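Q: below are the sequence and a predicted model; questions follow.
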Amino acid sequence: MNATLMVPGGLAGLDGSALAQLVDALVERGWFAGERFIDAALCQALHDELRQLSASQALSEAGIGRGDHHQLRRDIRGDAIHWLDRESQAQRHYLTLMAELQQQINRALYLGLFEFEAHFAEYPPGAFYKRHVDSFQGRANRVLSTVLYLNPEWPADGGGEMAIYAEDDETQEVARIRPEAGTFMCFLSDRVPHAVLPTRYPRASIAGWFRRNASLGGRIDPAR
Ligand SMILES: O=C(O)CCC(=O)C(=O)O
Ligand SMILES: [Fe+2]
């Protein structure tokens, strides 16, 4: 049975059986990908918002590294981003769903997820993100990575897939996920090597991270 969990205000919630699959997949292989995981109307509203942000030049070129180590590297990563700031109803709806997911995962897996940060991302034609992991062991402030794709009817020749590689041999590709609207991925941030393959069309998504409340060497871990 597909029990839909309720969120306030009559908004679409998360599907209970999809959530159970997500938890099982995280335990068994460290990553999950589910089609139609997030409601189509919400994906469309988020996609519209990202296109407006892009048209009004409210996106900034993404870099790599945090804090003092932040640098632009178009040879590694070619997207432009905008951090979610709860400005729209669609953002608040999505963040409510992620809060619900956080609660369910903490209940099932005791991961101690503490907060969530996320940004819109737009990869222009030709852009990619080379193979990487999202956090490093021992400094794993980012515990669980998420990506929601926002592109309706992604063409078969569109490229732009997320490639996932084996944890113990990162030259071995184990899956490719098309960035189709509604598809949601999550994976353990320090364990799953992944890449965005070069896209042929503008590619829209929201990348997000559940974080632990970590402090490094006496310094509070910078939020971004
Ligand atoms: O958009 C994707 O498929 C993945 C993006 C990613 O790996 C990241 O932003 O760290
Ligand atoms: Fe990543």
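A: Looks like it arrived, so ask away. Residues are numbered from 1 along each chain as shown. Ligands and ions are numbered 1, 2, ... in the order given.
Q: tell me what Val196 is bridged to.
A: Using DSSP bridges, the bridge partners assigned to Val196 are Tyr129, Met162.
Q: which residues does it contact?
A: Listed by C-beta atoms under 8 Å, 6 or more residues apart in numbering, the contact set of Val196 reads Asp79, Tyr123, Ala127, Phe128, Tyr129, Gly160, Glu161, Met162, Ala163, Arg203. Backbone N, C-alpha and C define where each C-beta goes, glycine included.
Q: check these against ligand 1, which are close?
A: The subset of the contacts of Val196 lying close to ligand 1, counting by C-beta under 6 Å from any ligand atom, consists of Tyr129, Met162.
Q: now neighbour count too, for the contacts of Val196, in a markdown table please.
A: Formatted as a markdown table, the contacts of Val196 follow (neighbours: other C-beta atoms under 10 Å):
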| residue | neighbour count |
| --- | --- |
| Asp79 | 22 |
| Tyr123 | 24 |
| Ala127 | 20 |
| Phe128 | 20 |
| Tyr129 | 21 |
| Gly160 | 24 |
| Glu161 | 19 |
| Met162 | 22 |
| Ala163 | 15 |
| Arg203 | 25 |
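Q: and the two most separated of the contacts of Val196?
A: Spanning the widest gap among the contacts of Val196 are Asp79 and Ala163, at 15.5 Å by C-beta to C-beta.
Q: excluding chain neighbours, what is closest to Ala161?
A: If you look again at residue 161, you'll see it is Glu, not Ala. Nearest non-adjacent residue to Glu161, counting by C-beta to C-beta, 6 or more residues apart in numbering: Arg176, 4.3 Å away.
Q: distance of that neighbour from Tyr94?
A: Counting by C-beta to C-beta, to the nearest Å, the gap from Arg176 to Tyr94 is 25 Å.
Q: out of these two, which sits in the more crowded spot?
A: A direct count of neighbours by other C-beta atoms under 10 Å for Arg176 and Tyr94 places Tyr94 higher, at 25 against 12.
Q: host element of the more buried one?
A: Using DSSP states H and E, Tyr94 falls within helix 89-109.
Q: these two touch, right, Trp154 and Arg178?
A: Yes. Proximity of Trp154 to Arg178 meets the contact threshold set by C-beta atoms under 8 Å, at 5.3 Å.
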